[in-house]
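In: the amino acid sequence is not available; the structure is as follows:
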């Protein structure tokens, strides 16, 4: 798969793109709620082979989310959770957008651009000197264009081999 690393080095590089809907909110989840993160991870990542955290126990999720450098933010529409972002503050004032995405029913409404704007603004507000993320050829086709339209620029591309299951994992276990 192809992995692309993108970054912003200044808040001035952010191209703000928001929806004008009054029913859209961006909320920090504190204290951490592992069930919510796992819900988004499995449902947003279902078709994109997000598999690394699937075997985690609740305790592993909680340990990850309780780290002081991790923040989870949820985008809601009319009170319904629509998408999320997981941010991680790192050394040298870097902030990584670790996980990012919308539930399928909210795609195609400009909400991904809005979520990216909110996530980058939050990273800059946390004191970032650099905001970065990576995406890959398994991600949603709109992911890379969204990041570039939002002001991120590619800084590295690599090809990696990754063993994946024959089918993307379903968010719901198969019925017996």
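Out: Cool, got the structure. On a predicted model such as this, the values are computed, not experimentally measured, just so you know.

In: drop to CA atoms for contacts and neighbour counts, all remaining ones
Out: Noted.

In: residue 16 contacts residue 117, correct?
Out: Yes - the criterion here is C-alpha atoms under 8 Å, and residue 16 meets it with residue 117 at 5.5 Å.

In: now the spatially most central residue of the chain. Nearest residue, chain neighbours left out?
Out: Compute the mean C-alpha point of the chain, and by C-alpha atoms, centre = their mean the closest residue is residue 100, 1.1 Å away. Closest residue to residue 100 apart from its sequence neighbours, by C-alpha to C-alpha, 6 or more residues apart in numbering: residue 85 at 4.4 Å.

In: now the helix or strand harbouring the one you found, how far from the centre of its chain.
Out: Here residue 85 sits within strand 80-90, counting by DSSP states H and E. From the chain centre to the centre of strand 80-90 is a distance of 5 Å (C-alpha atoms, centre = their mean, to the nearest Å).

In: any chance you could map the strands in this protein?
Out: With DSSP state E as the criterion, the chain has strands at 2-8, 24-28, 70-77, 80-90, 94-102, 130-136, 153-159.

In: so, low pLDDT: which residues of the protein?
Out: 172-176 (pLDDT under 70).

In: tilt between the longest helix seen in the chain and strand 24-28?
Out: Criterion DSSP state H: the longest helix present in the chain is helix 111-125. Between helix 111-125 and strand 24-28, the angle comes out at 40 degrees (axes from the mean of the first three to the mean of the last three C-alpha atoms, to 10 degrees).
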